[in-house]
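*Asks:* Sequence first, then the predicted structure, then my questions.
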Amino acid sequence: MQSPELHQHIIVTAGKLFYSQGYHSTGINEIVDTCNIAKATLYGHFKSKEDLCIAYLDHRHHQFLERLKGFVAKKPSGKSQLLALFELLQDMYREEDFEGCWCLKTFGELGPNEAKIRAVIQKQKKELLLFIGEVVGDNVPNLSKAETEKISGGLYLLYESAITESNLFKNDWPIYMAKNIAATLFPEP
(Lines give C-alpha, C1' and ligand atoms only; values in the text may rest on other atoms or scores of the structure.)
Protein backbone atom coordinates (compact mmCIF):
# COMPACT_ATOMS: atom_id res chain seq x y z
CA MET A 1 0.00 0.00 0.00
CA GLN A 2 1.10 3.52 -0.67
CA SER A 3 1.62 5.82 2.28
CA PRO A 4 -1.74 7.73 2.19
CA GLU A 5 -3.69 4.47 1.80
CA LEU A 6 -1.68 2.81 4.57
CA HIS A 7 -2.19 5.83 6.81
CA GLN A 8 -5.96 5.62 6.26
CA HIS A 9 -5.91 1.83 6.73
CA ILE A 10 -4.27 2.25 10.14
CA ILE A 11 -6.81 4.89 11.21
CA VAL A 12 -9.81 2.83 10.12
CA THR A 13 -8.50 -0.42 11.58
CA ALA A 14 -7.47 1.10 14.91
CA GLY A 15 -10.74 3.03 14.98
CA LYS A 16 -12.79 -0.16 14.69
CA LEU A 17 -10.84 -1.59 17.61
CA PHE A 18 -11.18 1.57 19.71
CA TYR A 19 -14.90 1.75 18.99
CA SER A 20 -15.67 -1.90 19.73
CA GLN A 21 -13.22 -2.60 22.57
CA GLY A 22 -12.35 0.79 23.98
CA TYR A 23 -9.36 3.07 23.65
CA HIS A 24 -7.46 1.86 26.70
CA SER A 25 -8.40 -1.78 26.12
CA THR A 26 -6.80 -1.76 22.68
CA GLY A 27 -3.06 -2.20 22.71
CA ILE A 28 -0.50 -1.11 20.16
CA ASN A 29 0.47 -4.72 19.46
CA GLU A 30 -3.13 -5.59 18.65
CA ILE A 31 -3.37 -2.63 16.28
CA VAL A 32 -0.12 -3.63 14.58
CA ASP A 33 -1.25 -7.27 14.26
CA THR A 34 -4.72 -6.37 12.97
CA CYS A 35 -3.26 -3.91 10.45
CA ASN A 36 -0.65 -6.50 9.46
CA ILE A 37 2.16 -3.96 9.72
CA ALA A 38 5.37 -3.55 11.68
CA LYS A 39 5.38 -1.45 14.84
CA ALA A 40 7.92 0.86 13.19
CA THR A 41 5.45 1.43 10.34
CA LEU A 42 2.76 2.45 12.82
CA TYR A 43 5.10 4.88 14.54
CA GLY A 44 6.21 6.18 11.16
CA HIS A 45 2.63 7.38 10.66
CA PHE A 46 1.67 8.30 14.23
CA LYS A 47 3.94 9.50 17.03
CA SER A 48 1.79 7.91 19.72
CA LYS A 49 -1.38 5.99 20.45
CA GLU A 50 -2.87 9.35 21.50
CA ASP A 51 -2.15 10.81 18.03
CA LEU A 52 -3.73 7.74 16.43
CA CYS A 53 -6.82 8.16 18.63
CA ILE A 54 -7.11 11.81 17.60
CA ALA A 55 -6.84 10.82 13.94
CA TYR A 56 -9.60 8.24 14.50
CA LEU A 57 -11.84 10.79 16.24
CA ASP A 58 -11.26 13.31 13.44
CA HIS A 59 -11.99 10.69 10.79
CA ARG A 60 -15.26 9.58 12.43
CA HIS A 61 -16.32 13.17 13.11
CA HIS A 62 -15.77 14.32 9.53
CA GLN A 63 -17.54 11.25 8.15
CA PHE A 64 -20.49 11.83 10.48
CA LEU A 65 -20.80 15.57 9.79
CA GLU A 66 -20.69 15.04 6.02
CA ARG A 67 -23.28 12.29 6.30
CA LEU A 68 -25.48 14.49 8.52
CA LYS A 69 -25.19 17.52 6.22
CA GLY A 70 -26.12 15.41 3.20
CA PHE A 71 -28.99 13.79 5.08
CA VAL A 72 -30.41 17.15 6.20
CA ALA A 73 -30.01 18.68 2.73
CA LYS A 74 -32.15 15.91 1.19
CA LYS A 75 -35.07 16.68 3.51
CA PRO A 76 -37.69 19.31 2.71
CA SER A 77 -37.28 22.59 4.59
CA GLY A 78 -38.95 22.98 7.94
CA LYS A 79 -39.66 20.34 10.54
CA SER A 80 -38.18 17.55 8.40
CA GLN A 81 -34.75 19.16 8.42
CA LEU A 82 -35.02 19.93 12.12
CA LEU A 83 -35.76 16.29 12.98
CA ALA A 84 -33.32 14.80 10.47
CA LEU A 85 -30.66 14.39 13.16
CA PHE A 86 -32.86 11.84 14.92
CA GLU A 87 -33.78 10.05 11.71
CA LEU A 88 -30.09 9.67 10.89
CA LEU A 89 -29.50 8.37 14.41
CA GLN A 90 -32.24 5.79 13.82
CA ASP A 91 -30.39 4.67 10.68
CA MET A 92 -27.08 4.58 12.57
CA TYR A 93 -28.66 2.50 15.34
CA ARG A 94 -29.75 -0.10 12.79
CA GLU A 95 -26.20 -0.48 11.50
CA GLU A 96 -24.46 -3.66 12.50
CA ASP A 97 -21.67 -2.12 14.57
CA PHE A 98 -23.61 0.49 16.57
CA GLU A 99 -21.94 1.07 19.92
CA GLY A 100 -23.13 4.61 20.63
CA CYS A 101 -21.11 7.79 20.28
CA TRP A 102 -17.44 7.19 19.48
CA CYS A 103 -16.53 10.49 21.17
CA LEU A 104 -18.35 9.76 24.41
CA LYS A 105 -17.04 6.20 24.51
CA THR A 106 -13.52 7.55 24.28
CA PHE A 107 -14.22 10.42 26.68
CA GLY A 108 -15.50 7.97 29.29
CA GLU A 109 -12.07 6.33 29.40
CA LEU A 110 -9.98 9.48 29.69
CA GLY A 111 -7.97 10.27 32.75
CA PRO A 112 -7.13 13.77 33.96
CA ASN A 113 -3.85 13.85 32.01
CA GLU A 114 -5.42 13.16 28.63
CA ALA A 115 -6.40 16.77 27.95
CA LYS A 116 -5.40 16.70 24.28
CA ILE A 117 -8.00 14.06 23.37
CA ARG A 118 -10.59 15.76 25.61
CA ALA A 119 -10.02 19.06 23.75
CA VAL A 120 -10.56 17.34 20.39
CA ILE A 121 -13.84 15.82 21.60
CA GLN A 122 -15.03 19.17 22.96
CA LYS A 123 -14.20 20.87 19.65
CA GLN A 124 -16.10 18.24 17.69
CA LYS A 125 -19.15 18.45 19.92
CA LYS A 126 -19.14 22.25 19.54
CA GLU A 127 -19.03 21.84 15.74
CA LEU A 128 -22.09 19.58 15.91
CA LEU A 129 -23.90 22.09 18.10
CA LEU A 130 -23.05 24.93 15.69
CA PHE A 131 -24.33 22.92 12.73
CA ILE A 132 -27.58 22.21 14.56
CA GLY A 133 -27.84 25.95 15.21
CA GLU A 134 -27.45 26.61 11.47
CA VAL A 135 -30.23 24.13 10.69
CA VAL A 136 -32.50 25.78 13.26
CA GLY A 137 -31.69 29.25 11.91
CA ASP A 138 -32.39 28.13 8.34
CA ASN A 139 -35.71 26.46 9.19
CA VAL A 140 -37.38 28.51 11.91
CA PRO A 141 -37.97 32.10 10.82
CA ASN A 142 -37.75 35.18 13.02
CA LEU A 143 -35.84 33.68 15.92
CA SER A 144 -33.57 35.74 18.13
CA LYS A 145 -30.05 34.49 18.75
CA ALA A 146 -31.11 33.40 22.25
CA GLU A 147 -34.08 31.45 20.89
CA THR A 148 -31.89 29.78 18.26
CA GLU A 149 -29.38 28.78 20.93
CA LYS A 150 -32.13 27.46 23.20
CA ILE A 151 -33.67 25.30 20.47
CA SER A 152 -30.37 24.07 19.05
CA GLY A 153 -29.08 23.35 22.56
CA GLY A 154 -32.21 21.36 23.31
CA LEU A 155 -31.90 19.35 20.09
CA TYR A 156 -28.22 18.71 20.82
CA LEU A 157 -28.90 17.47 24.36
CA LEU A 158 -31.75 15.27 23.19
CA TYR A 159 -29.49 13.78 20.49
CA GLU A 160 -26.66 13.15 22.95
CA SER A 161 -28.95 11.44 25.45
CA ALA A 162 -30.66 9.41 22.71
CA ILE A 163 -27.39 8.06 21.30
CA THR A 164 -26.12 7.17 24.77
CA GLU A 165 -29.34 5.63 26.07
CA SER A 166 -30.03 3.64 22.89
CA ASN A 167 -26.59 2.07 23.28
CA LEU A 168 -27.12 1.48 27.01
CA PHE A 169 -30.49 -0.23 26.55
CA LYS A 170 -29.61 -1.81 23.19
CA ASN A 171 -32.94 -0.50 21.96
CA ASP A 172 -34.03 2.42 19.81
CA TRP A 173 -36.89 3.66 22.02
CA PRO A 174 -34.73 6.53 23.37
CA ILE A 175 -34.26 7.81 19.81
CA TYR A 176 -38.00 7.79 19.13
CA MET A 177 -38.68 9.48 22.47
CA ALA A 178 -36.05 12.16 21.82
CA LYS A 179 -37.43 12.80 18.33
CA ASN A 180 -40.96 13.22 19.72
CA ILE A 181 -39.75 15.63 22.40
CA ALA A 182 -37.64 17.50 19.85
CA ALA A 183 -40.71 18.14 17.72
CA THR A 184 -42.16 20.20 20.59
CA LEU A 185 -39.13 22.53 20.89
CA PHE A 186 -39.88 24.80 17.98
CA PRO A 187 -42.94 26.58 16.64
CA GLU A 188 -44.37 25.45 13.36
CA PRO A 189 -42.60 27.38 10.55
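*Replies:* On my side now, so go ahead.
*Asks:* mind showing which ranges of this protein have poor pLDDT?
*Replies:* Residues of the chain meeting the criterion pLDDT under 70: 1-2, 188-189.
*Asks:* Which residue ranges of it form helices?
*Replies:* Ranges of helices in the chain, per DSSP state H, are 3-21, 28-35, 39-45, 49-73, 79-94, 102-107, 115-139, 145-169, 173-182.
*Asks:* could those helices go into TSV alongside mean neighbour count?
*Replies:* In this view, the C-beta of every residue, glycine as well, is placed from N, C-alpha and C. Shown next, in TSV, are these (neighbours: other C-beta atoms under 10 Å):
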stretch	mean neighbour count
helix 3-21	17
helix 28-35	15
helix 39-45	14
helix 49-73	17
helix 79-94	18
helix 102-107	19
helix 115-139	16
helix 145-169	17
helix 173-182	18
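*Asks:* OK, contacts around residue 92?
*Replies:* Residues in contact with residue 92 (C-beta atoms under 8 Å, 6 or more residues apart in numbering) are 98, 163.
*Asks:* and if we set it to 7 Å?
*Replies:* residue 98 (C-beta atoms under 7 Å, 6 or more residues apart in numbering).
*Asks:* now do residue 34
*Replies:* Residue 34 touches 13, 17, counting by C-beta under 7 Å, 6+ apart.
*Asks:* ok, 8 Å please
*Replies:* So residue 34 contacts 13-14, 17 (C-beta under 8 Å, 6+ apart).
*Asks:* Roughly how far does it sit from residue 150?
*Replies:* 45 Å (C-beta to C-beta, to the nearest Å).
*Asks:* same check, this time on residue 102
*Replies:* Taking C-beta to C-beta, one finds residue 102 at 27 Å from residue 150.
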